[in-house]
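Student: the amino acid sequence is not available; the structure is as follows:
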């Protein structure tokens, strides 16, 4: 994990010179811990297919920056109004609302600039171009950002299981899909396998979000997260803890079964997916 | 201009389905008028070098989306707190602060997704990759976004002419530089010419921003813009209207002189630069 921290850190702007404050806020947002799930999934998928091809590191950094930006903007007063993130002051709460908005914007810019730099001069321009498209598409209006927009509109009154899972699929799963797909694309995997990994990412992402709902469930913990505070429906609030646990396990099993269709050693990836579903924090 | 509106419109998400509100806010932010300076500069540079190569239209749309995103976030209450933009309610004022943040984010995502789509399958991958890098670099932490961050920190007490022009160079000129460079890169112009156009863009951008300061000068108009309201220093507030007018004219002349170094018909571009410096709105 410390190793991962070092690998991410060098793609962030240095906290010096006239942009010190902006860079500080960006670095704080990325380097304040976190499970690094997306870059780890990306690297596992890359290694699963032999690990030769363009360096996956710029994409590992870029996808973590994109994830961090989404949290920074999600925490803003106009959205979830969260003052804490990973046990520390959230970015806007520490640096002010203005710098919270700009640091999030900066991470989104920096993620794409990192990809652009990786593409120029690459010995594998087709793979990197394809990975760039997946990165852009899965994070944008029809992916993560679109899910974020739906999330802000959801109300307990009207949401069905299907609608909730569609929103989770965009907001949470899309970036996990992208991580697995990009790792495989960079390593030169074929289209059919990339399609399977997209499904693995979707099921893993849905299971991960439902597990999040269980861990955040306020009926189990008075200090639970902001979703209940904001009265947003979750899988747990709609269907109860037991049904949520069953659903998460079912999705994880389906993801593992899909992995078995891939003619490559998927043990490390399968183990990580299990850990994500079983996690207690 | 109506033609330009149509050319931009098709790269925006359709205002229908579950993302109707987000798409509405994004479309409102881009399609509410504006001078379309960046896509027009990009197209003029492309045509100046023969106008053959990859279709410039996706980049024209992407750079206008990027410009629109910067205005949407700049207008937010935590930044300039502007309720009006181009004579209409600003995006956050019309759609709420939450959707203002997300619509800006969405335009930034959509800009890069548009570029990614243009790259994949392009018959000119090297030119488009290079254009993508310029696009990312000039808009990010060392370009437009970095200038925005400096702008929020500037105070009348400390800023020198050099610091103010450096900030204008990032916040305003960087995207004009990118427009000219990208048009030329897509048309296959050589490195030396692209370097000259970068300088033309910088001088044009500085002149444009100083002209903005003059038009916004509250000593001439009680209804002037938000910079004075927020007590930010401008070229006019620091050096007076006459010096500002002389500086803008000098920069425009220098830009025109640089254009003369380029062995191509630059009349249309020179005329547009003159119009930008002489504009009265």
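Tutor: Perfect, I can see it now. Here the structure is a predicted model, which is why all the values come from computation and not from measurement. Numbering: from 1, shown residues only, chains lettered A, B, ... in the order given.
Student: what about residue A:47, which SS state?
Tutor: Assigned by DSSP: H, G, I helix; E, B strand; the rest coil, the conformation of residue A:47 is helix.
Student: tell me the contacts of it?
Tutor: Going by CB atoms under 8 Å, 6 or more residues apart in numbering or on different chains, residue A:47 touches A:183, A:187, A:268. Quick note: C-beta positions are derived from backbone N, CA and C, even for glycine.
Student: distance of the closest residue to the second one other than its chain neighbours from residue A:181?
Tutor: With CB to CB, 6 or more residues apart in numbering or on different chains as the measure, residue A:49 is the residue that lies nearest to residue A:187, at 3.7 Å, once sequence neighbours are left out. As for residue A:49, its distance to residue A:181 is 12 Å (criterion: CB to CB, to the nearest Å).
Student: between the two, which one's more packed in?
Tutor: Neighbour comparison, residue A:49 and residue A:181: the larger count goes to residue A:181, with 27 against 22 (by other CB atoms under 10 Å in any protein chain shown).
Student: wait, the more buried one sits on residue A:202?
Tutor: No: with contacts counted by CB atoms under 8 Å, residue A:181 stays clear of residue A:202, the gap being 10.7 Å.
Student: just after the helix or strand that residue A:104 is a member of, pick out the following helix or strand.
Tutor: Element membership of residue A:104 [criterion: DSSP states H and E] is helix A:97-119. Elements were assigned by DSSP H and E; along the chain past helix A:97-119, the next helix or strand is helix A:125-139.
Student: tell me the helix or strand right after that next one.
Tutor: Once the chain leaves helix A:125-139, the next helix or strand it forms, by DSSP H and E, is helix A:144-153.
Student: the residue nearest to residue A:187 is in contact with residue A:265, isn't it?
Tutor: No: the criterion here is CB under 8 Å, and residue A:49 misses it with residue A:265 at 9.8 Å.
Student: low-scoring stretches of the stretch 1-150 of chain A, by residue?
Tutor: Low-confidence segments of the stretch 1-150 of chain A, defined by pLDDT under 70, are located at A:1-2.
Student: go again using 50 as the cut-off
Tutor: Applying pLDDT under 50 to the stretch 1-150 of chain A flags the ranges A:1.
Student: and residue A:171, which of the three is it?
Tutor: At residue A:171 the chain is in helix, as set by three-state DSSP.
Student: residues near the closest residue to it other than its chain neighbours, how many?
Tutor: Nearest residue to residue A:171, sequence neighbours excluded (CB to CB, 6+ apart): residue A:147, at 2.8 Å. Look at residue A:147: counted by other CB under 10 Å, it has 23 neighbours.
Student: residues in contact with residue A:147?
Tutor: By CB under 8 Å, 6+ apart, the contact list for residue A:147 reads A:167, A:168, A:169, A:170, A:171, A:172, A:174.
Student: equivalent analysis for residue A:98, please.
Tutor: B:78, B:79, B:152.
Student: do the same with residue A:107
Tutor: With CB under 8 Å, 6+ apart as the criterion, the residues that contact residue A:107 are A:26, A:29, A:30, A:65, A:66, A:68, A:69, A:72.
Student: in those residues, which residue is surrounded by the most others?
Tutor: residue A:26 (31 neighbours).
Student: surely that residue and residue A:109 touch.
Tutor: No: Residue A:26 sits out of contact with residue A:109 when judged by CB under 8 Å, with a separation of 9.6 Å.
Student: now the common contact residues for those two.
Tutor: Overlap of the contact sets of residue A:26 and residue A:109 (by CB under 8 Å, 6+ apart) consists of residue B:141.
Student: what is the end-to-end distance of stretch A:165-182?
Tutor: End-to-end span of stretch A:165-182 (CA to CA, to the nearest Å): 23 Å.
Student: now do that stretch: distance to the chain's middle.
Tutor: Here stretch A:165-182 shows a centroid-to-chain-centroid distance of 7 Å under the convention CA atoms, centre = their mean, to the nearest Å.
Student: now do the helices in the stretch 151-281 of chain A.
Tutor: Along the stretch 151-281 of chain A, the segments classed as helices by DSSP state H, counting those that start in this stretch run A:161-168, A:174-186, A:191-215, A:226-229, A:235-239, A:241-259, A:267-278.
Student: which of these comes out lowest on mean pLDDT?
Tutor: Taking the average pLDDT of each of those, the minimum falls on helix A:226-229, with a mean of 53.
Student: the nearest residue to residue A:254 once chain neighbours are set aside: how many residues sit nearby?
Tutor: Nearest in space to residue A:254, with sequence neighbours left out and distances taken as CB to CB, 6+ apart, is residue A:203 at 5.0 Å. Residue A:203 has 23 neighbouring residues, counting by other CB under 10 Å.
Student: how near is residue A:203 to residue B:270?
Tutor: The span separating residue A:203 from residue B:270 equals 58 Å under the rule CB to CB.
Student: follow-up on the earlier one: could the helices of the stretch 151-281 of chain A be laid out in a markdown table, adding distance to residue B:44?
Tutor: Listed next are the helices of the stretch 151-281 of chain A as a markdown table, based on distance: least, CB to CB, whole Å:
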| stretch | distance to residue B:44 |
| --- | --- |
| helix A:161-168 | 43 |
| helix A:174-186 | 36 |
| helix A:191-215 | 40 |
| helix A:226-229 | 49 |
| helix A:235-239 | 53 |
| helix A:241-259 | 51 |
| helix A:267-278 | 50 |
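Student: buried deepest among those, which one?
Tutor: For the helices of the stretch 151-281 of chain A, ranked by mean neighbour count under the definition mean count of other CB atoms under 10 Å in any protein chain shown, the leader is helix A:174-186 at a mean of 29.
Student: now residue A:118: closest residue in space that isn't a chain neighbour?
Tutor: Of all residues beyond its chain neighbours, the one nearest residue A:118 is residue A:58 (3.8 Å), with distances taken as CB to CB, 6+ apart.
Student: measure that neighbour to residue B:3 for me?
Tutor: Look at residue A:58 and residue B:3: by CB to CB, they are 38 Å apart.
Student: so these two - more neighbours on which side?
Tutor: Of the pair residue A:58 and residue B:3, residue A:58 is the one with more neighbours under other CB under 10 Å, namely 22 against 8.
Student: same for the helix or strand that contains that one, what does it pack against?
Tutor: Secondary-structure element containing residue A:58, defined by DSSP H and E: helix A:57-74. With contacts defined as 3 or more CB pairs under 8 Å, 6 or more residues apart in numbering or on different chains; DSSP states H and E, helix A:57-74 has these neighbours: helix A:2-9, helix A:20-31, helix A:37-48, helix A:97-119, helix A:125-139, helix A:144-153, helix A:174-186, helix B:97-119.
Student: so residue A:65 touches residue A:111, yeah?
Tutor: Yes: under the criterion of CB under 8 Å, residue A:65 lies in contact with residue A:111, with a separation of 4.1 Å.
Student: show me the contacts for residue A:133.
Tutor: If a contact means CB under 8 Å, 6+ apart, then residue A:133 has B:113, B:116, B:117, B:119, B:120 as its contacts.
Student: mark which of these are buried, thanks.
Tutor: Among the contacts of residue A:133, those classed as buried by neighbour count (16 or more other CB atoms under 10 Å in any protein chain shown) are B:113, B:116, B:117, B:119.
Student: ok, the last one touching residue A:135?
Tutor: Just to be clear, that refers to residue B:119. No: under the criterion of CB under 8 Å, residue B:119 lies out of contact with residue A:135, with a separation of 11.8 Å.
Student: re earlier: tell me the spacing between the residue nearest to residue A:171 and residue B:102.
Tutor: The span separating residue A:147 from residue B:102 equals 11 Å under the rule CB to CB.
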